[in-house]
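> Fold the following and give me the result.
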Amino acid sequence: MNIRKIGLVAFVAVVSTLVTLAAYNYLARPSAQTFEQKQAARFESVSYPSGSEVPAMLDFRYAAKITTPAVVHIKTTYAPRSASRNDNNPFRDFFGDDFFSPWGQSPYQQQPQESSGSGVIISDDGYIVTNNHVIDGGDNIEVILANKKSYKAKMIGTDPSTDIALIKIDETALPFIRFGNSDSVEVGEWVLAVGNPFNLESTVTAGIVSAKGRNINILRSKDNSAVEAFIQTDAAVNPGNSGGALVNTAGELVGINSAIATPTGTFAGYSFAVPVNLVSKVVNDLMKFGMVQRGYLGIQIATVTDELAKQKGLNDLNGVYVDSIYDGSAADDAGIKSGDVITKINGTAVNTSPELQEQVSRYHPGDKITVTYKRDGKEKVATATLKNKEGNTSYLKKEEVSAVESLGAEFANLSDKEKKDLGLQGGVKVVRLGDGKLSQNTNMKEGFIITKIDNKQVNSVDDLKQALMNKKGGVMIEGRYPDYPGQYFYAFGL
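Reported below is the predicted structural model:
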């Protein structure tokens with residue numbers, strides 16, 4: 001009897017357990033989710049790195065509070081002068097700062113006598129970074145701090161190829177903005193633009209990073225060696241924001257606002273900033289040398305497109321195509337050849353021409369970099385020792401370069417083969433002509449070979465520098481073209 005009772009109790013217990021488990025499984029089974037619920041579940045499953053939680057990312061108060069005291073208002077004044085017919089500054093139509101003449105103004109009217117822009121204090125002892133076009137050609141630079149104090153600034157140096165300038169005021173214990181890392185900035189990340197649009201001081205706008213490594217050909221129209229790898233954002237930027245700060249939500253500087261794409265002269269949705277990693281290198285060079293010391297690979301490149309890949313028989317669209325190599329250049333010495341596809345610089349992937357130029361421009365003449373490239377479908381790695389514009393690894397001196405830079409051209413020594421073919425002991429070839437004395441005052445063409453200056457023999461770029469150093473007044477250049485007989489003469493003034 002007792003055994004039957006125990007068996008019955010056990011049977012009931014087992015059945016109860018099975019019913020309970022079945023009910024639990026039924027009730028716990030997930031029901032059909034709506035689209036909104038799935039999206040919410042997906043969003044909740046996304047993990048964010050520490051310090052980048054969503055609530056913090058959407059709160060800009062901290063970044064605005066610590067950066068606005070370190071963004072200054074810059075007023076540049078100019079002595080009255082008449083604009084020349086060749087005055088064709090690309091920033092006039094593209095950015096439209098007060099520096100540029102109003103729409104429809106005659107090119108023979110006087111240029112404005114005052115321009116307005118922004119700047120960023122980068123050290124507590126008064127160093128300020130801004131755009132070159134904000135202070136270019138100015139006779140007096142006034143800096144107004146967020147606390148309304150005004151100072152006269154001293155020019156430290158400029159780099160038109162990146163549109164960056166460094167100035168300094170005589171003050172200490174200033175608030176400044178800490179440099180971030182523009183390489184870590186991602187498309188879609190929130191950023192703030194801080195500046196003085198339309199003379200409205202300490203204005204903060206917010207947006208996201210729309211693209212990186214953007215080339216807009218605004219600097220190359222005046223400088224063939226210009227570096228354009230802008231951070232593109234949709235943060236509202238207007239005339240007066242030039243030289244101001246682009247910061248992340250942690251209040252770190254990630255770029256210097258430089259330009260907007262606009263059909264009207266005011267903000268139309270796209271703005272562009274120089275990446276801070278490039279700014280840092282330029283600023284350090286200007287502090288140490290008064291000019292930027294850039295290293296060059298010595299190549300002509302092109303972004304790999306689908307059309308180019310088909311034309312050249314490339315396996316994929318990754319990397320940057322090497323179109324040609326300059327004789328004796330860093331790339332030539334490293335064994336890189338025309339037709340190679342460069343995929344990395346010092347381990348950093350490069351997929352567009354601007355990305356490659358930005359990476360290389362961070363280094364100096366004499367620096368060694370690793371270049372990863374593909375040839376015939378096989379990956380190779382080379383070590384290249386970068387050279388300066390003149391084809392050697394030494395640092396250039398500002399006093400030697402200033403006169404040569406005013407010519408607005410790139411020069412190169414003749415190779416041994418060129419000397420032999422032309423029957424010359426030496427000479428300097430005009431590789432490229434940009435905006436400068438030669439293009440403005442002569443009809444010299446690219447490829448011209450300079451053999452004499454003021455009747456003195458010129459066999460190398462060093463000879464050219466020495467001939468022009470401290471030169472004032474008229475200059476007579478003599479030389480020849482490789483494919484045309486006879487001597488040619490060009491005269492201009494310094």
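> check contacts around residue 460.
For residue 460, the contact set (CB atoms under 8 Å, 6 or more residues apart in numbering) comprises 413, 426, 428. C-beta: built from backbone N, CA, C; applies to glycine.
> cutoff 6 Å now
Listed by CB atoms under 6 Å, 6 or more residues apart in numbering, the contact partners of residue 460 are 413, 426.
> name the helices or strands packed onto the longest strand anywhere in the chain?
In the chain, taking DSSP state E as the definition, the longest strand is strand 203-214. Under the contact definition 3 or more CB pairs under 6 Å, 6 or more residues apart in numbering; DSSP states H and E, strand 203-214 sits against strand 190-195, strand 230-233.
> Could you provide the ones you listed in CSV, with additional columns for mean neighbour count and distance to residue 320?
Listed next are these as CSV, based on neighbours: other CB atoms under 10 Å; distance: least, CB to CB, whole Å:
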stretch, mean neighbour count, distance to residue 320
strand 190-195, 25, 27
strand 230-233, 26, 17
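> Would you format those as a markdown table with distance to residue 352 and mean pLDDT included?
Formatted as a markdown table, the helices and strands packed on strand 203-214 follow (distance: least, CB to CB, whole Å; pLDDT from 0 to 100):
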| stretch | distance to residue 352 | mean pLDDT |
| --- | --- | --- |
| strand 190-195 | 21 | 96 |
| strand 230-233 | 12 | 94 |
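> The stretch 51-200 of the chain: helices as residue ranges?
Using DSSP state H, counting those that start in this stretch, the helices of the stretch 51-200 of the chain run over residues 54-57, 61-67, 91-94, 132-135.
> okay if I get the helices and strands packed on strand 203-214 as TSV plus distance to residue 157?
Below are these laid out as TSV (distance: least, CB to CB, whole Å):
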stretch	distance to residue 157
strand 190-195	22
strand 230-233	21
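> Between the ones you listed, which one is closest to residue 493.
Among the helices and strands packed on strand 203-214, the nearest to residue 493 by CB to CB is strand 230-233 (36.2 Å).
> Parallel or antiparallel, list what pairs with that closest one.
Sheet pairing here is set by DSSP bridges, and for strand 230-233 it gives strand 203-214 (antiparallel), strand 270-275 (antiparallel).
> Mean confidence (pLDDT) on whatever helix or strand comes next after it, please.
Counting by DSSP states H and E, the next helix or strand C-terminal to strand 230-233 is strand 245-248. Per-residue pLDDT over strand 245-248 has a mean of 97.
> so how far is strand 245-248 off the chain centroid?
Between the centre of strand 245-248 and the centre of its chain there are 15 Å (CA atoms, centre = their mean, to the nearest Å).
> Check the helices of the stretch 51-200 of the chain for me: which has the lowest mean pLDDT.
The weakest mean pLDDT among these belongs to helix 91-94, with a mean of 42.
> Any regions of the stretch 301-450 of the chain where pLDDT drops low?
In the predicted model, the stretch 301-450 of the chain carries pLDDT under 70 at residues 399-402.
> let's see 50
In the predicted model, the stretch 301-450 of the chain carries no residue with pLDDT under 50.
> Would you map the strands across it?
Along the stretch 301-450 of the chain, counting by DSSP state E, counting those that start in this stretch, strands occupy 320-325, 341-345, 348-349, 368-375, 378-385, 409-413, 428-433, 449-453.
> Columns mean neighbour count and distance to residue 334 on top of those strands, output as TSV?
Putting these into TSV (neighbours: other CB under 10 Å; distance: least, CB to CB, whole Å) gives the following:
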stretch	mean neighbour count	distance to residue 334
strand 320-325	19	10
strand 341-345	22	11
strand 348-349	13	17
strand 368-375	18	7
strand 378-385	14	4
strand 409-413	21	18
strand 428-433	19	20
strand 449-453	20	27
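> Which of the ones you listed sits closest to residue 130?
Judged by CB to CB, the one of the strands of the stretch 301-450 of the chain that comes nearest to residue 130 is strand 409-413, at 26.4 Å.
> how about the closest one as PDB, C-alpha atoms only?
In PDB, the C-alpha atoms belonging to strand 409-413 read as follows (Å, rounded to 0.1, in the frame of the first residue of the first chain):
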ATOM      1  CA  ALA A 409      58.700  77.000 -59.900                       C
ATOM      2  CA  GLU A 410      60.100  73.600 -59.100                       C
ATOM      3  CA  PHE A 411      63.700  73.000 -60.300                       C
ATOM      4  CA  ALA A 412      65.900  69.900 -60.700                       C
ATOM      5  CA  ASN A 413      69.500  69.300 -61.500                       C
END
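> thinking again about what came up before, tell me the most buried of the strands paired with strand 230-233?
Sort the strands paired with strand 230-233 by mean neighbour count, taking mean count of other CB atoms under 10 Å, and strand 270-275 sits at the top with a mean of 26.
> Excluding covalently adjacent residues, which one is nearest to residue 58?
Distances taken as CB to CB, 6 or more residues apart in numbering place residue 190 nearest to residue 58, at 7.4 Å, with adjacent residues excluded.
> Also residue 358?
In space, residue 358 is closest to residue 229, 3.7 Å off (CB to CB, 6+ apart).
> Kindly report the same for residue 182.
residue 275 (3.7 Å).
> And for residue 173?
residue 124 (5.8 Å).
> Equivalent analysis for residue 441, please.
In this structure, residue 441 finds its nearest non-sequential neighbour in residue 492, 3.9 Å apart by CB to CB, 6+ apart.
> Around the one you found, count how many other residues there are.
Neighbour count for residue 492, taken as other CB atoms under 10 Å: 17.
> So it sits against residue 437, correct?
Yes. With contacts counted by CB atoms under 6 Å, residue 492 reaches residue 437, the gap being 5.1 Å.
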